[in-house]
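Engineer: This is a predicted model, with the sequence first.
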Amino acid sequence: MTETTNLTGKLLIAMPGMGDPRFDRSVVFLCAHSDEGSMGLILNKPTPDVTMNSLLEQLSITATAEGLAQPVRFGGPVEQGRGFVLHSDEYESVVSTLKVPGGFAMTATLDILEDIGAGRGPERQLMLLGYAGWGPGQLESEIVQNGWLICDASKALVFETSDADKWEAALETLGVAALALSPDAGRA
């Protein structure tokens with residue numbers, strides 16, 4: 001591989017036999033991908049007993065908005081105490097929002113949580129703690145070793161599909177049945 005294909009805004013689908021239980025059956029949204037490394041958020045691993053309401057309460061943010069009972073998700077093993085909001089791109093933080101191709105954005109500043117609590121946040125969002133990170137060439141190596149499949153991200157898949165169904169739904173976008181997957185890499 002001489003030049004890195006930019007996978008920013010794509011979904012990674014964990015293959016069976018990956019070997020890292022933190023990524024078992026995971027779907028990862030890539031917020032950034034370049035020759036310098038990659039950063040993504042695991043979309044389908046809810047944290048037990050942590051909801052948006054309870055998180056806002058822990059942060060002493062008054063929540064007056066409806067519908068804040070959704071789970072907070074495990075975004076990845078790096079910086080698990082840090083929060084990230086993956087959201088639709090009509091919202092932009094006054095502090096810092098990273099726009100991602102496909103109509104997505106990611107914000108990791110406290111002001112988005114205050115806006116969500118007040119009902120002024122993005123139309124669609126997922127709250128995640130931690131992120132997944134790869135050094136230069138690491139993700140590409142994992143893809144070549146049959147660790148990940150890649151598919152396009154859609155707002156329906158990211159925001160509307162249940163956590164329990166995301167992995168199989170992502171596979172279906174590629175026309176792949178979960179039972180047909182092999183944990184072994186092959187060469188033609």
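Structural biologist: Ah, there it is. Because the structure is a prediction, the values reported are computed rather than measured.
Engineer: SS state for the nearest residue to Phe29 once chain neighbours are set aside?
Structural biologist: Nearest residue to Phe29 in three dimensions, chain neighbours excluded: Leu41, at 5.1 Å (Cβ to Cβ, 6 or more residues apart in numbering). All C-beta atoms are positioned from the backbone trio N, CA, C, and that covers glycine. Under DSSP: H, G, I helix; E, B strand; the rest coil, the three-state class of Leu41 is strand.
Engineer: The lowest-mean-pLDDT helix or strand in the chain - which strands sit beside it in the sheet, and in what orientation?
Structural biologist: Ranking every helix and strand in the chain by mean pLDDT, DSSP states H and E puts strand 46-51 at the bottom, with a mean of 90. Note on strand 46-51: by DSSP bridges, its sheet partners are strand 71-74 (antiparallel).
Engineer: Report how many residues lie close to the nearest residue to Thr51 once chain neighbours are set aside.
Structural biologist: Distances taken as Cβ to Cβ, 6+ apart put Ala69 closest to Thr51, at 5.3 Å, once the chain neighbours are dropped. Around Ala69 there are 9 other residues, counting by other Cβ atoms under 10 Å.
Engineer: For Ala69, grab phi and psi.
Structural biologist: Here is the backbone geometry of Ala69 (degrees, to the nearest 10): phi -90, psi 0.
Engineer: quick one: it and Met127, what's the gap?
Structural biologist: Going from Ala69 to Met127 by Cβ to Cβ, to the nearest Å gives 12 Å.
Engineer: Which pLDDT value goes with Glu114?
Structural biologist: For Glu114, the model assigns a pLDDT of 94.
Engineer: With that, I have no additional questions.
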